[in-house]
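**Student:** Sequence and predicted structure, then a few things I'm wondering about:
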Amino acid sequence: MLFVTTEMTDFVKAGGLGDVSAALPRAVARHHDVRVLIPGYPNVLAVVGKSMRMVGKTRGYHKLPACQIAEATLSDGLGVLVLCNADLYEREGSPYADASGHGWADNDIRFATLSYAAAEIALKHAHMSWQPDLLHLNDWPCALATHYLDGESEAVPTVLTIHNLAYQGVFPASAAAHIGLSARRRIDHDRHGRISFLHEGIAKATYLSTVSECYAKQITEPPCGCGLDVLLRKRASEGRLTGIVNGIDHSWDPQHDPALRIPFAIGEWDKRHENTQQLRDELGLRQQDGPLFAVISRMVQQKGVDLIYEAAPQIIAAGGQLALIGRGDPAIEHSIARLPRRFPGRVVAHIGFEEGLARRMFAGADFLLMPSRYEPCGLSQMYAQAYGCLPVAHATGGLIDTIEDGITGLLFRDATVSELRRCLQRAFRVFAEPLLLNAMRGAAMLEKHGWDVPGRQYATLYSRILLKRPSDPSAQSAPPVREKDVYAHL
Ligand SMILES: Nc1ncnc2c1ncn2[C@@H]1O[C@H](COP(=O)(O)OP(=O)(O)O[C@H]2O[C@H](CO)[C@@H](O)[C@H](O)[C@H]2O)[C@@H](O)[C@H]1O
């Protein structure tokens, strides 16, 4: 199986996809022969550049340039294929945007090239000795691989995982000719005559998954369907859409996290409190008795950070403090950066991306605020739970699947300031009752969010799809899959 991704925490992380891409292929490697395909960004070359060897190449296609394919083996044995093209990928910035946050103007070419390479590898056109039996594609940047397989998808089936339906890879119709879509095969146009990579992938993938059960249902209806709900309903009615809740990897363990100066376990609430005091010192917050609320998030409209901005005065008036870390939309960053000036010593905002600090915030804060308008799965709430920090979250998508209201966190029904305020009052009441607070912390820390279960669920999904493949008679004698029969329709 070839897992195709645009970020992986081993090299580069822009959001949750980076964490999933680092953990899921490793979890699945226990069951399948897995390699990861990722573009050769500077951070990738910095880590594996010296150890990689060239193993294949792809031809140019329309305006997609020819690329080299290199292979490296990571220290734990995971094989990584690196798609090398200096002009496309060796740029400073994130995988998707330059250092000032503007999307690269040629993202259609950059990611169509990645999709094309994935298909070429699968079709044995890339001069490689290894060939995957299945492509696992992630989000819009890889979705066009389904198109480039060009009718061969029965031979090489595809799973397309939707991590966030709102990002669809929409480009002007003129891009179609550049990336090699004939008029006949052209991606459906939207009202403005544009094309969408994700639309094509959803229409053509053998199977679709998304990252929680609840979101899998929500995307078949507006508003979460983001204009693709009719197509998704059709794919769901064919039995080809499922939800598998993400896991979190073993490094999220407050007993063994090198980012913490004082490790702690369930019940060691004094040690946890020392983490809180240290965090206040590190961030320049006053030492005080009230609850500390944290926000660790991409600063984008999805995450409802504007609701937190509105509710911040209430948190401060009730004796709480607020610490935010995030990066994203410049306008949201700007408004968040103003808060500490209004509430010096009680609100801090760090505009940036810093995993070590994020870990200390999970370990020291009492509550994590996640008023996301929608949330396909969410990882931060699970990291928070593992560190005894209780999520206060909007009841949507994966937040419903992973938070038990009143037990492992607090949920509120609508993503509005008034609902958030009411939930904050509940949080203050929980904080005022140490027995309840510690019982909830303990329950949250006991949650098992590892990758074993989702890893097995994906492995089962691949096996079922491969068993169904008509061109592989040997697969009929494959051993039965023992995982809970959630894919009976396949
Ligand atoms: N400034 C900062 N400094 C340090 N760490 C930071 C940070 N900002 C964010 N993070 C971390 O980045 C990750 C964000 O992951 P999420 O799953 O919460 O959201 P994202 O929207 O990126 O992912 C999308 O894909 C994932 C994966 O499927 C889905 O869970 C999610 O719902 C979907 O929106 C978490 O690990 C978080 O702790």
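**Tutor:** Arrived safely, thanks for sending.
**Student:** From here on, just use CA atoms for contacts and neighbour counts.
**Tutor:** Noted.
**Student:** Counting by contacts, list what the strand or helix carrying Ser209 packs against.
**Tutor:** Taking DSSP states H and E as the criterion, Ser209 maps to strand 207-210. Using 3 or more C-alpha pairs under 8 Å, 6 or more residues apart in numbering; DSSP states H and E, the elements in contact with strand 207-210 are strand 158-162, strand 241-243.
**Student:** same thing but 10 Å
**Tutor:** Contact partners of strand 207-210 among helices and strands, from 3 or more C-alpha pairs under 10 Å, 6 or more residues apart in numbering; DSSP states H and E: strand 135-138, strand 158-162, helix 197-204, helix 213-218, helix 229-237, strand 241-243, helix 452-468.
**Student:** So which of these is nearest the ligand?
**Tutor:** Taking C-alpha to the nearest ligand atom as the criterion, the ligand comes closest to strand 158-162 out of these, the separation being 7.7 Å.
**Student:** What is the distance between the next helix-or-strand element following the closest one and the centre of its chain?
**Tutor:** Per DSSP H and E, the first helix or strand lying C-terminal to strand 158-162 is strand 170-171. Its chain's C-alpha centre and that of strand 170-171 lie 21 Å apart, by C-alpha atoms, centre = their mean, to the nearest Å.
**Student:** List the strands paired with the helix or strand containing Leu322, with their directions.
**Tutor:** In this structure, Leu322 sits in strand 321-328 according to DSSP H and E. Taking DSSP bridges as the criterion, strand 321-328 sits next to strand 292-299 (parallel), strand 347-351 (parallel) in its sheet.
**Student:** got a list of contacts for the shortest one?
**Tutor:** With contact meaning C-alpha atoms under 10 Å, 6 or more residues apart in numbering, strand 347-351 is reached by 280, 283-286, 292-296, 298-299, 312-313, 315-316, 320-328, 330, 333-334, 336-341, 357.
**Student:** Number of residues surrounding the residue of the stretch 51-200 of the chain found nearest the ligand?
**Tutor:** Proximity to the ligand, evaluated over the stretch 51-200 of the chain using C-alpha to the nearest ligand atom, is greatest for His163 at 4.4 Å. When neighbours are counted by other C-alpha atoms under 10 Å, His163 registers 23.
**Student:** same thing with Gln255?
**Tutor:** Based on other C-alpha under 10 Å, the number of other residues close to Gln255 is 14.
**Student:** Let me know whether it touches Gly388 as I believe.
**Tutor:** No: under the contact definition of C-alpha atoms under 10 Å, Gln255 does not touch Gly388, with a separation of 11.7 Å.
**Student:** Next, show the common contact partners of these two.
**Tutor:** Shared contacts of Gln255 and Gly388, defined by C-alpha under 10 Å, 6+ apart, comprise Phe264, Ala265, Ile266.
**Student:** Then the last one would be within a helix, right?
**Tutor:** No: for Ile266, which was evaluated using DSSP: H, G, I helix; E, B strand; the rest coil, the result is coil, with no helix membership.
**Student:** sorry, back to before: as JSON lines, the helices and strands packed on strand 207-210 with mean neighbour count and mean pLDDT would be great.
**Tutor:** As requested, those are exported to JSON lines (neighbours: other C-alpha atoms under 10 Å; pLDDT from 0 to 100):
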{"stretch": "strand 135-138", "mean neighbour count": "27", "mean pLDDT": "98"}
{"stretch": "strand 158-162", "mean neighbour count": "27", "mean pLDDT": "98"}
{"stretch": "helix 197-204", "mean neighbour count": "25", "mean pLDDT": "94"}
{"stretch": "helix 213-218", "mean neighbour count": "22", "mean pLDDT": "98"}
{"stretch": "helix 229-237", "mean neighbour count": "17", "mean pLDDT": "96"}
{"stretch": "strand 241-243", "mean neighbour count": "22", "mean pLDDT": "97"}
{"stretch": "helix 452-468", "mean neighbour count": "20", "mean pLDDT": "94"}
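**Student:** can you put the ones you listed in TSV and add distance to Tyr96?
**Tutor:** As requested, the helices and strands packed on strand 207-210 are exported to TSV (distance: least, C-alpha to C-alpha, whole Å):
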stretch	distance to Tyr96
strand 135-138	14
strand 158-162	17
helix 197-204	15
helix 213-218	24
helix 229-237	25
strand 241-243	26
helix 452-468	27
